[in-house]
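Visitor: for reference, the sequence and a predicted model appear below.
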Amino acid sequence: MQTPGPMPTDFVPLMGMLTGIVSMLVIGFTIVRVAQSQIGQAIARRIHGKGAADPEIREEIHELREQVTDLGHRLAESEERLDFTERLLAKGRDEAASHG
């Protein structure tokens, strides 16, 4: 009496495990390749905070901060002018109402 050979359903778990292993290898290989590329090196510099060491970037950041400070002063001055104008208009309305 012969024992029946392996059934096709016996290979399903094996193929599932094999698919998982191959997928993990491909993902791992991709991660390693990206980490070794220029993009990976730039990400590593950014994480370590060394990306801002470039003098051009530091100068640009300094200029942008000066611009933000200047815009803040200009905004404060505009707000003061607006408040003054509103007070003048309110005062004019009050005087016109009391005379009229």
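Guide: All right, it came through fine.
Visitor: and residue 20, how far from residue 33?
Guide: When distance is defined by Cβ to Cβ, to the nearest Å, residue 20 is 21 Å away from residue 33. In short, each C-beta sits where N, CA and C put it, glycine included.
Visitor: now do residue 89
Guide: Computed as Cβ to Cβ, the residue 89 to residue 33 distance reads 67 Å.
Visitor: in three-state terms, label residue 75 for me.
Guide: Here residue 75 takes the helix state, with states given by DSSP: H, G, I helix; E, B strand; the rest coil.
Visitor: residue 44 now?
Guide: Residue 44 - assigned by three-state DSSP - is helix.
Visitor: how far away is it from residue 35?
Guide: Counting by Cβ to Cβ, the gap from residue 44 to residue 35 is 8 Å.
Visitor: just give me how far the one helix or strand residue 98 maps to sits from the chain centre.
Guide: Using DSSP states H and E, residue 98 maps to helix 55-99. The chain centre lies 30 Å from the centre of helix 55-99; the measure is Cα atoms, centre = their mean, to the nearest Å.
Visitor: also stretch 10-18?
Guide: Chain-centre distance of stretch 10-18: 41 Å, with Cα atoms, centre = their mean.
Visitor: show the pLDDT at residue 30.
Guide: As predicted, residue 30 sits at a pLDDT of 93.
Visitor: try residue 52
Guide: pLDDT, residue 52: 57.
Visitor: and what of residue 1?
Guide: pLDDT, residue 1: 58.
Visitor: got the CA positions of stretch 92-100 in CSV?
Guide: Only the C-alpha atoms of stretch 92-100 are listed here, as CSV (Å, rounded to 0.1, in the frame of the first residue of the first chain):
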residue,chain,number,x,y,z
GLY,A,92,-15.1,112.9,15.7
ARG,A,93,-18.3,110.9,15.9
ASP,A,94,-18.8,111.8,19.6
GLU,A,95,-18.3,115.5,18.8
ALA,A,96,-20.6,115.4,15.8
ALA,A,97,-23.3,113.6,17.9
SER,A,98,-23.0,116.2,20.7
HIS,A,99,-23.3,119.1,18.3
GLY,A,100,-25.9,117.7,16.0
